[in-house]
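Q: Here is my input, please return the structure:
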Amino acid sequence: MVVKPAPADHGIVFLRTDLNERIPALWDAVVPSRLCTLVANASGASVSTIEHIMAAIAGCAVHNALIEIDGPEVPILDGSAAPFVFGLLKAGVRELDVPSRAIRVLKCVEVYEGDAAARLEPAEMLEIDFCIDFEEVAIGRQEKSLNLANGAFVRELSNSRTFCRQADVDAMRANGLALGGTLENAVVFEGERVLSPGGLRHDDEPVRHKILDAVGDLSLAGAPLLGRYTGIRAGHALTNRLLRVLFADPLAYCFVEVGPQTGCKLPGVGVIAADVPVY
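A: The predicted model follows:
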């Protein structure tokens, strides 16, 4: 997979080089998929597990890029966004001469599914509140609130890995899934134990990773969001439903030109490769 520069107003687009098919990284290109975010075009060409690279791109303030990939799935690497972030910042980000746009949330929109909920409401910059609650003792209930300005994504979230329970791994492998998964590309929990070597990178790594996922899924809005996102046991599908509800109501959002005051509040502004956490 290679991330290449793109001109203004190009947005983020995947190019399946094995199929010569372009797939936009947009909310209305998302199709239902278990455990990840998957986008597809009208021809049926698709790319799955895009949430971590999309989070890295949004968290590094990249608004236009062409992502060339020669297969149907983004590499999982270590299960976090840190390798992508480091690569992007090491290569450097170029500021374009054309002003960028952001999407301002104008009123509260929310969606529910069982005991899970997701909400967007007005705010001056992207803010995220997340709450998870698992029976697994090593995870339990975790809550975190984060303002995504000032490079918070890179410094506080980017190295948080995807996680699962050992029972989930066993069930997936019994069904022929996650056969390439190891303890090196996800945090695996079993009861009170963390099975992955080295333990956790943060005491609350699971909820941090859920915020990371939300950053990636919200980036599919097509421009930076100025609003407050609240997720309660929310996953990829629910966040995508939230974006669909937002864009179905013309009174719920508007596009604004990003000036100096707004620009300095966007995720990733001013970060450098040295800001990526060492682990």
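Q: For residue 47, which residues count as its bridge partners?
A: For residue 47, the beta-bridge partners under DSSP bridges are residue 39.
Q: Count residues in the vicinity of it, would you?
A: Residue 47: 25 surrounding residues under other C-beta atoms under 10 Å. For glycine as for every other residue, the C-beta is placed from the backbone atoms N, C-alpha and C.
Q: Against residue 56, how distant is it?
A: Look at residue 47 and residue 56: by C-beta to C-beta, to the nearest Å, they are 15 Å apart.
Q: so who does the residue nearest the centre of the chain touch?
A: With distances taken as C-alpha atoms, centre = their mean, the residue of the chain nearest its centroid is residue 216 (1.7 Å). Contacts for residue 216 (C-beta atoms under 8 Å, 6 or more residues apart in numbering) come out as 37, 50, 51, 52, 53, 54, 55, 56, 58, 81.
Q: check which helix or strand covers it.
A: helix 205-218 (DSSP states H and E).
Q: Flag every buried residue along that helix.
A: Neighbour counts using 16 or more other C-beta atoms under 10 Å place 205-218 of helix 205-218 among the buried residues.
Q: Equivalent analysis for stretch 8-23, please.
A: Neighbour-count burial for stretch 8-23 [16+ other C-beta under 10 Å]: 12, 13, 14, 15, 16, 19, 21, 23.
Q: go on, stretch 245-259?
A: Buried-residue list, stretch 245-259, by 16+ other C-beta under 10 Å: 246, 247, 252, 253, 258.
Q: In strands only, show me these.
A: residue 253 (DSSP state E).
Q: follow-up on the earlier one: with pLDDT, secondary structure and distance to residue 153 as extra columns, can I get the buried residues of stretch 8-23 in CSV?
A: Below are the buried residues of stretch 8-23 laid out as CSV (pLDDT from 0 to 100; DSSP: H, G, I helix; E, B strand; the rest coil; distance: C-beta to C-beta, whole Å):
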residue, pLDDT, secondary structure, distance to residue 153
12, 98, strand, 16
13, 98, strand, 22
14, 98, strand, 21
15, 98, strand, 25
16, 98, strand, 27
19, 98, coil, 31
21, 98, strand, 30
23, 98, strand, 24
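Q: ok, of these, which one's closest to residue 191?
A: Residue 191 lies nearest to residue 14 out of the buried residues of stretch 8-23, by C-beta to C-beta, at 38.6 Å.
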